[in-house]
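[1] here's a sequence, model it:
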Amino acid sequence: MSARHMPSHAGAEALLLPTPPVVADGIALFLDMDGVLAPMAPTPDGVGPVARRTAALKAVEARLAGRVAIVSGRTIAEVDRISDHALTSASGVHGLERRLKDGSISRGAPDAGVAVALAGFQAFAADRPGVIVEDKGVSAGLHYRQAPDQTDAAKALAKRLQAETGLSLQPGHMVLELKTPGADKGTAVTDFMQDAPFKGAVPVMLGDDLTDEHGFEAAAALGGYGVLVGPERETAARYRLDDVDAVLTWLEAVAKA
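    Have a look, this model is predicted:
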């Protein structure tokens, strides 16, 4: 295959994804956190506030009249910590938490299987240094970034627990999450687009991993597009940015557009 081409989401060849246009009028932004607004870290708590990020988020929200939301796999509490409370609109735990512009928060009720998954993950991590378990209430996460040799065993465990509990399995960057079914980043984008100030805008979703594909697809279905952050790969996104620094530079340009 030519170096100038890659498979598209539909499997056909497409030109390498271009940089997204710098526009502000009429768009609404939905931004993933890890790998998009913040660099990946060895542990979930290894990411914290950064002045440039906070300033860029506040500036672009002001320019877009509030049409900016963080859509993350992290909890809203973690989103707030890392973003230094820069934005009000946010979705956490892959759409299972959502906070509107007026500050009201809706949360899905945790599936009973989450406790089973959490116990299984904790037992697995007990004698495996570097494996971290994250309890998000409505989901359980198993991080193995610091123990890559446990990848196969972690995946096998997650699949077994998924079959046992009926939870949704959400893979990410060196993390496996078993979550309460019924929501994802795509449903989060779709739900935001039904409410002010997002309603009637063109949705633009920035994401980096497989969990963001639902968001790319939802944005496209509503007349917008996705922006992949990171290396080229098969994706539903229309545009691409190289890394977190490129994202912040693009957001700063949108804020001034």
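[2] next, the contact list for Lys185, please.
    30, 32, 71, 91, 94-95, 205, 207, 211-212, 214-215, 218 (CB atoms under 8 Å, 6 or more residues apart in numbering). Placement of C-beta: from N, CA and C, glycine included.
[3] let's see that with 10 Å instead.
    30, 32, 71-73, 91, 94-95, 170, 205, 207, 211-219 (CB atoms under 10 Å, 6 or more residues apart in numbering).
[4] narrow the residues you listed to those in helices?
    213-219 (DSSP state H).
[5] for Gly92, which non-adjacent residue is spatially closest?
    Leaving aside its chain neighbours, Gly92 sits nearest to Ile76 (4.0 Å; criterion: CB to CB, 6 or more residues apart in numbering).
[6] look up how far Gly137 lies from the one you found.
    Going from Ile76 to Gly137 by CB to CB, to the nearest Å gives 11 Å.
[7] what touches both of these two?
    92-93, 96-97, 107.
[8] for this protein, what are the low-confidence residue spans?
    1-15 (pLDDT under 70).
[9] for it, what spans make up the helices?
    Using DSSP H, the helices of the chain run over residues 51-63, 76-83, 113-125, 151-165, 185-192, 213-221, 244-256.
[10] out of those helices, flag the one nearest Pro44.
    helix 76-83 (7.5 Å; CB to CB).
[11] Thr187 and Pro181 touch, don't they?
    No - judged on CB atoms under 10 Å, Thr187 makes no contact with Pro181 at a distance of 11.1 Å.
[12] who touches both of those two?
    With CB under 10 Å, 6+ apart as the test, Thr187 and Pro181 both reach Leu96.
[13] for the ones in helices among the contacts of Lys185, pick the one with the most neighbours.
    Sorting the ones in helices among the contacts of Lys185 by how many neighbours each has (other CB atoms under 10 Å) puts Gly215 first, at 31 neighbours.
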